[in-house]
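Asker: Structural data only, the sequence is not supplied:
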């Protein structure tokens with residue numbers, strides 16, 4: 001196993017919670033010696049202890065395994081600060097309103113970084129009554145296609161999943177739209193400001 005909880009992570013998280021080894025041990029029903037061994041690298045917690053250990057340390061099991069504590073600074077859930085994640089194995093698309101640790105198919109997914117839309121991924125917007133018609137002149141083959149288009153305002157995210165051999169277009173309600181995103185399965189995430 002390449003990635004497993006390390007003693008340094010346990011020690012740091014325990015100290016951040018201002019707990020002694022004995023206090024942590026009592027919360028997960030092990031001895032203080034066991035916690036000491038984990039923290040000094042002389043042993044690892046049994047897999048059955050990961051969930052109680054994570055709960056005692058105030059984090060998720062995924063955060064415990066990755067050694068990263070995610071703190072969401074977007075407490076007001078401003079949708080314009082949304083992040084997108086796409087699994088390279090199954091293509092699953094996930095959105096979060098702030099910092100998150102997202103995992104799919106056994107992989108921790110990094111948030112996608114949007115680039116400004118370029119010529120090959122130019123995003124066209126046409127105003128039609130109370131909607132925006134968004135179109136991308138892009139191949140839609142099984143090997144190379146636009147996977148989704150999203151319209152983001154400060155209060156909502158409108159998301160349209162697209163499929164190969166379909167059209168790279170979508171309609172969105174006009175509602176204080178700030179950004180339009182499009183995700184190409186080969187080249188990544190693109191964005192334009194409205």
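Answerer: That came through fine. Treat the numbers as computed from the prediction; the structure is a model and nothing was measured. Residues are numbered from 1 along each chain as shown.
Asker: Count the neighbours of residue 86 for me.
Answerer: A count of neighbours around residue 86, defined by other C-beta atoms under 10 Å, yields 20. All C-beta spots, glycine's among them, are computed from the backbone N, C-alpha and C.
Asker: can you pull the contacts of it?
Answerer: By C-beta atoms under 8 Å, 6 or more residues apart in numbering, the contact set of residue 86 is 92, 93, 94, 109, 112, 147, 183.
Asker: buried ones in the lowest-mean-pLDDT helix or strand in the chain?
Answerer: Every helix and strand of the chain was ranked by mean pLDDT, DSSP states H and E. The lowest is helix 61-66, at a mean of 77. By neighbour count, and taking 16 or more other C-beta atoms under 10 Å as the criterion, the buried residues in helix 61-66 are 61, 63, 64, 65, 66.
Asker: and after it, which helix or strand comes next?
Answerer: Secondary structure here is assigned by DSSP states H and E; on that basis, the next helix or strand after helix 61-66 toward the C-terminus is strand 83-86.
Asker: partners of that next one, with directions?
Answerer: Each strand that pairs with strand 83-86, with its direction, by DSSP bridges: strand 93-96 (antiparallel).
Asker: And the residue nearest the centre of the chain?
Answerer: Most central residue of the chain, judged by C-alpha distance to the mean C-alpha position with C-alpha atoms, centre = their mean, is residue 102 at 4.1 Å.
Asker: Which stretches in the protein count as helices?
Answerer: Read by DSSP state H, the chain holds these helices, from start to end of the chain: 7-16, 21-28, 32-39, 50-57, 61-66.
Asker: Any chance of a markdown table for those, columns distance to residue 153?
Answerer: Shown next, in a markdown table, are those (distance: least, C-beta to C-beta, whole Å):
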| stretch | distance to residue 153 |
| --- | --- |
| helix 7-16 | 36 |
| helix 21-28 | 43 |
| helix 32-39 | 46 |
| helix 50-57 | 35 |
| helix 61-66 | 30 |
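Asker: quick one on the thing from earlier: from the chain's centroid, how far away is the least confident helix or strand of the chain?
Answerer: Here the centre of mass of C-alpha atoms in helix 61-66, compared against the chain's by C-alpha atoms, centre = their mean, to the nearest Å, lies 14 Å away.
Asker: Brilliant, that's me finished.
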